[in-house]
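Chemist: have a look at this prediction, sequence included:
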Amino acid sequence: MSSSRQPANLRQPPRVPNVEAQLVAMAKLSFLIGSWSGEARIFRSGAEPLELTQTEQVQYRLGGLLLEVEGIGRTADGKPALQALGITTYEDERQVYRFRAFNDGRWLESDAKLAEDGNGLVWGFTVGEFSTNSVLRVTRDGYWTEQHDIMTGSQPPRKLMEVNVRRTSVSQSF
């Protein structure tokens with residue numbers, strides 16, 4: 001096959017990622033590493049909020065190139081009511097964090113931004129007429145707080161979920 005007939009993506013060598021830039025960017029998320037425990041509330045339309053005992057397990061993977069966050073919210077009887085897994089990476093070419101979240105048989109992907117003070121992340125998703133805005137912060141007194149809002153069409157935002165957990169241990173797994 002002559003080179004003129006090869007698909008465009010085969011004519012040029014693939015871009016070599018800047019792993020050092022990725023590691024530097026990912027190190028900025030170390031404020032999340034560890035085990036966290038506390039509470040969460042899910043706000044359902046027309047009903048009382050669902051109160052949960054929330055845990056978050058956060059660790060680096062692949063030598064620090066990936067940050068894995070697993071959150072589990074349990075009802076008063078100990079049954080899981082919310083299970084989610086988030087994976088954050090850094091795309092050095094675009095200089096942006098990429099966030100992919102999995103729960104309830106679904107997955108979503110979004111850009112995420114590091115907060116100006118370096119102690120939080122902001123992200124959101126849009127699926128059809130629904131969009132979300134999420135803000136995660138680690139406060140000066142050591143609490144991880146999250147606020148998730150949802151918008152449907154042109155309706156004003158409403159609270160979807162809030163999380164308030166405190167670190168119980170630190171782990172630097174790679």
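Modeler: Sure, I can see it.
Chemist: can you pull the buried residues of the one helix or strand Gln83 maps to?
Modeler: Taking DSSP states H and E as the definition, Gln83 sits inside strand 80-91. Buried residues in strand 80-91, counted by 16 or more other C-beta atoms under 10 Å: Ala81, Leu82, Gly86, Ile87, Thr88, Thr89, Tyr90. Quick note: C-beta positions are derived from backbone N, CA and C, even for glycine.
Chemist: next one: stretch 95-107
Modeler: Tyr97, Phe99, Ala101.
Chemist: list just the nearest of those to Trp36.
Modeler: The shortest approach to Trp36 among the buried residues of stretch 95-107 belongs to Ala101, at 16.7 Å (C-beta to C-beta).
Chemist: element containing that closest one, please.
Modeler: Applying DSSP H and E, one finds Ala101 within strand 96-103.
Chemist: report the angle between that strand and strand 80-91.
Modeler: Counting by axes from the mean of the first three to the mean of the last three C-alpha atoms, to 10 degrees, strand 96-103 lies at 160 degrees to strand 80-91.
Chemist: state the distance from the residue most central in space within the chain to Arg106.
Modeler: Ranked by distance to the mean C-alpha position of the chain (C-alpha atoms, centre = their mean), the top residue is Gly86 at 4.8 Å. Distance of Gly86 to Arg106, given as C-beta to C-beta, to the nearest Å: 13 Å.
Chemist: just the CA trace of the longest helix anywhere in the chain, in CSV.
Modeler: If you go by DSSP state H, the chain has its longest helix at helix 19-27. The C-alpha coordinates for helix 19-27 follow below in CSV (Å, rounded to 0.1, in the frame of the first residue of the first chain):
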residue,chain,number,x,y,z
VAL,A,19,4.9,12.3,30.9
GLU,A,20,6.8,14.7,33.1
ALA,A,21,4.2,17.5,32.6
GLN,A,22,1.5,14.9,33.4
LEU,A,23,3.2,13.9,36.6
VAL,A,24,3.7,17.5,37.7
ALA,A,25,0.0,18.3,37.1
MET,A,26,-1.2,15.1,38.7
ALA,A,27,0.9,15.8,41.8
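Chemist: name the helices or strands packed onto it?
Modeler: strand 80-91 (3 or more C-beta pairs under 8 Å, 6 or more residues apart in numbering; DSSP states H and E).
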